[in-house]
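Novice: Got a predicted structure here, sequence first:
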Amino acid sequence: MAQAGFETRRIGTAHSVGEVLREARLLRAYRIEEVANRILARKEILLALERDQFQKLPPQVYTIGILRKYADLLHLDPDAIVELYK
């Protein structure tokens, strides 16, 4: 179920979790470094997420926490983003 205030539609033509995150970040004119500072995550992890390079990510429990914070910052539904990741 979508939370109030969160977008539930897909952004543009994005199909993967990485594409959705990247398009949403660019739509809001956030630099990757700014996102990293705001959600306290390493830039390299965020880039790996955006590029769907899952082999470069930390253990799943940490990745899901980062995904939730990233989605929240971008006004996306955290549950939908996590499901798209899985």
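Specialist: Happy to help now that I have it. Residues are numbered from 1 along each chain as shown.
Novice: Touching, Ile64 and Val82? I think so.
Specialist: Yes: using Cβ atoms under 8 Å, Ile64 is in contact with Val82, at 5.6 Å. C-beta here means a position set from N, CA and C on the backbone, and glycine is covered the same way.
Novice: Mind jotting down where the helices sit in this structure?
Specialist: 17-27, 32-39, 43-50, 60-73, 78-85 (DSSP state H).
Novice: And Ala80, how far from Lys56?
Specialist: 23 Å (Cβ to Cβ, to the nearest Å).
Novice: Have a look at the two and say which one is more surrounded.
Specialist: Ala80 (20 against 11; other Cβ atoms under 10 Å).
Novice: what about the chain, any weak spots by pLDDT?
Specialist: Along the chain, segments meeting pLDDT under 70 span 1-14.
Novice: Next up, the contacts around Tyr70.
Specialist: Applying Cβ atoms under 8 Å, 6 or more residues apart in numbering, we find Tyr70 in contact with 21, 35, 39, 41, 46, 49, 81.
Novice: Reformat those residues as JSON lines; add distance to Ala29.
Specialist: JSON lines is the format used below for those (distance: Cβ to Cβ, whole Å):
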{"residue": "Leu21", "distance to Ala29": "14"}
{"residue": "Val35", "distance to Ala29": "11"}
{"residue": "Ile39", "distance to Ala29": "16"}
{"residue": "Ala41", "distance to Ala29": "19"}
{"residue": "Leu46", "distance to Ala29": "16"}
{"residue": "Leu49", "distance to Ala29": "19"}
{"residue": "Ile81", "distance to Ala29": "20"}
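Novice: Could you rank the residues you listed by neighbour count and give me the top one?
Specialist: Leu21 (27 neighbours).
Novice: Correct me if wrong: it contacts Leu74.
Specialist: Yes: counting by Cβ under 8 Å, Leu74 is a contact partner of Leu21 at 6.9 Å.
Novice: For Arg28, state which of the contacts of Tyr70 is nearest.
Specialist: Nearest to Arg28 among the contacts of Tyr70 is Val35, at 9.4 Å by Cβ to Cβ.
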